[in-house]
Structures are given as C-alpha cells and as structure tokens.
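Colleague: Give me the fold of what follows.
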Amino acid sequence: MKNNTVKTFLDMKRNNEKITMLTAYDYSTAQLLDEAGVNALLVGDSLGMVVLGYPNTLQVTVDDIIHHSKAVARGATHALIVADMPFLSYHISTEETIRNAGRMIQEGNAHCVKLEGGKDIIPQIKGLIKAQIPVMGHIGLTPQSVHMFGGFRVQGKQEEDAKRLIEDALLLEEAGVFAIVLEGIPAKLAQIISKQLSIPTIGIGAGRHCDGQVLVVNDMLGIFSDFTPKFVKTYANIKEDISQGVTQYIADVKDGSFPGAQHSFSISEDILEKLYGR
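Modeller: Residues are numbered from 1 along each chain as shown. Sure thing, here's the model as predicted:
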C-alpha cells in the first residue's frame, strides 16, 4: 500500500482518481481506516461534537487537536494526516498561526493543517507555506462561522455568494494550498469550482463532481446520532451493535455466565491444597 502525501493528492487530481478522506480521533479507529486504504485522515474539530459532546466546534482547542492527532498518527501508516486548526488558532496574527500549526506538525505528528476561510486568511496561508507547512483550504459551510451564518446553512445558493466562493477558491489555489474542502454548497457550484482549479477539491455535502469526498466517521458508521446531516450516507450501524453487545454483557454478568472457564486462569491443585490447608 502506498503512502499518501500532498503530491499524491495532486497526482490523483491529474489522473482523475477520486480521493477518500475520513475523520479519525483515536489510535484504534485510525488503524482500521488506514488498513482499509483511505487516502487521508482528518483530525477534525468535529471531535468537539462527536467525541467531546460540545454543541459545535468552537470550544475545541489547539491542545485538543494535538492530543488526538498524536493518537491518530500512532495508528496510521499510509494515510495523509490532516490536522484542523480550531477556532481562534489562526485569526489573530500570522505569527500565532505559524506557531499553532507548527505545534500540530511537531507535537501532533500531522502532515499538514486545514484552515477555514477564503481571502481574509490568505496572509496566514502564505505564512504557513513559507514556513514549509502544507495547507488544505476549506470554504462554503465553514462550521467555525456557525454564528455568523445563523446556523448550519447551505452556502453559495445566491449569485453573489456563489461568485465569492469561486473567487475564494481561486485565491486559495494562488496562495499555495494543495487541496480545498468544499462543504455544504450546491453540487453544480462545486462542479464549476472543481473544473477551474488545478488542485483537488474534497466535497462534504457538495455533490459527486468534487475530486474526492470526506465524511465524519462517527456519522457514516452510525455512532453519532444526535443529528444526521442530509449529505451523510450511513454505511454501518455500530451504535446498535454496541447497544446490543453491552446489553448482553450486563445480562451475562448478572446471571453468572460471564466470565466462564474459558475466560479464567487456572492454578495447580497442589498449590490450592496448600492454600486451603493453611
């Protein structure tokens, strides 16, 4: 199995080969997804909602991302590891952006970082690339802007908004990002953007014409069920399996059928006689 790199993504775009990306937040899941052959693992700030139980992504910190990225990096051998830069970690200054991203690479063992936004964050992106840190862009429904949007709403449906997203995508490419996530935008708009770029687009709620797709693993495996976005396809129902397994475990413990002899360790009868005879 080949190792996935920034260059791999660009080659896949040129060869019309679809890119696959999933979120991962822990060692075991990262290992499973990596062995299955996914091209990239995103240590997303979505962990705030699906792992930490926050109402949105805004409470996630740089330390949170580093903690989970370390675990993912220990589990993944071939996938490109992308670390999300959380809210306020890249908004204050270019210097602070580089410092935070550098920690994610150096301490979190990520291969690159992802930032939400368009033309307003071009200076930060250029600073990161100058510091030799690869950057993935993210435009459209950017979850860190949930309060500005008034909720998780599809973006780019009006002409001016659509034009702005096209402009942002072109500016991000010019600034040097190696790929762009397109989230929550009309499929036809995503197709227009994807055709105009020489770098790959990764869609989430952006239709099938993107150069790749990403989903939150807890959504697509049926683990997280507080709400399910329209764009999610559920490929398994692990939550039900876990519930059934735990219910059976409780029943087995209570009726004494677990642990059985096969789950227990033995001791010599001679030693037992000496213990009982004390």
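Colleague: you'd agree residue 182 is in a helix?
Modeller: No. Under DSSP: H, G, I helix; E, B strand; the rest coil, residue 182 sits outside any helix and is assigned strand.
Colleague: from memory it sits against residue 211, does it?
Modeller: No. The pair residue 182 and residue 211 fails to qualify as a contact (Cβ atoms under 8 Å) at a distance of 9.7 Å. Just so you know, the C-beta spots here come from the backbone N, C-alpha and C atoms, and that holds for glycine as well.
Colleague: Need the overlap of contacts for these two.
Modeller: Both residue 182 and residue 211 are contacted by 194, 201, 202, under the criterion Cβ atoms under 8 Å, 6 or more residues apart in numbering.
Colleague: before we move on, the earlier item: the more surrounded of residue 182 and residue 211?
Modeller: residue 182 (31 against 23; other Cβ atoms under 10 Å).
Colleague: now the more buried one: how far from residue 202?
Modeller: Distance, residue 182 to residue 202, using Cβ to Cβ, to the nearest Å: 7 Å.
Colleague: shared neighbours, those two?
Modeller: Counting by Cβ under 8 Å, 6+ apart, the contacts common to residue 182 and residue 202 are residue 210.
Colleague: any weak-confidence spans in the stretch 51-200 of the chain?
Modeller: 146-152 (pLDDT under 70).
Colleague: Next, the buried residues of stretch 103-114.
Modeller: Neighbour-count burial for stretch 103-114, counted by 16 or more other Cβ atoms under 10 Å, picks out 103, 104, 105, 108, 109, 110, 111, 112, 113, 114.
Colleague: Do you have the strands of the protein handy? List them.
Modeller: Here the chain has its strands, by DSSP state E, at 19-23, 40-43, 80-84, 112-114, 135-140, 179-183, 201-204, 212-215.
Colleague: which residues of the stretch 151-278 of the chain fall in helices?
Modeller: Per DSSP state H, counting those that start in this stretch, the stretch 151-278 of the chain carries helices over the ranges 159-175, 187-196, 217-220, 238-255, 269-276.
Colleague: Now the third one - C-alpha only, CSV.
Modeller: In other words, helix 217-220. This file holds the C-alpha atoms of helix 217-220, laid out as CSV (Å, rounded to 0.1, in the frame of the first residue of the first chain):
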residue,chain,number,x,y,z
VAL,A,217,-16.5,8.7,10.6
ASN,A,218,-19.0,8.8,13.5
ASP,A,219,-21.7,9.8,11.1
MET,A,220,-21.0,7.3,8.4
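Colleague: quick revisit: looking at the buried residues of stretch 103-114, spot the one nearest residue 247.
Modeller: For these, the residue nearest residue 247 by Cβ to Cβ is residue 108; the value is 36.8 Å.
Colleague: so that closest one sits right up against residue 64, yeah?
Modeller: No. Assessed by Cβ under 8 Å, residue 108 is found out of contact with residue 64, at 10.3 Å.
Colleague: ok, the nearest residue to residue 144 once chain neighbours are set aside - contacts?
Modeller: Spatial nearest neighbour of residue 144, excluding adjacent residues (Cβ to Cβ, 6 or more residues apart in numbering): residue 87 at 4.7 Å. Contact partners of residue 87, counting by Cβ under 8 Å, 6+ apart, are 45, 57, 58, 60, 144.
Colleague: what about stretch 25-43, start to end distance?
Modeller: End-to-end distance for stretch 25-43, by Cα to Cα, to the nearest Å: 6 Å.
Colleague: Now that stretch: buried residues?
Modeller: Within stretch 25-43, the residues scored as buried using 16+ other Cβ under 10 Å are 25, 27, 29-31, 33-34, 38-43.
Colleague: Adding pLDDT and distance to residue 158, write these out as a markdown table.
Modeller: Listed next are the buried residues of stretch 25-43 as a markdown table, based on pLDDT from 0 to 100; distance: Cβ to Cβ, whole Å:
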| residue | pLDDT | distance to residue 158 |
| --- | --- | --- |
| 25 | 98 | 35 |
| 27 | 98 | 44 |
| 29 | 97 | 38 |
| 30 | 98 | 39 |
| 31 | 98 | 44 |
| 33 | 98 | 37 |
| 34 | 98 | 40 |
| 38 | 98 | 35 |
| 39 | 98 | 33 |
| 40 | 98 | 31 |
| 41 | 98 | 34 |
| 42 | 98 | 29 |
| 43 | 98 | 33 |
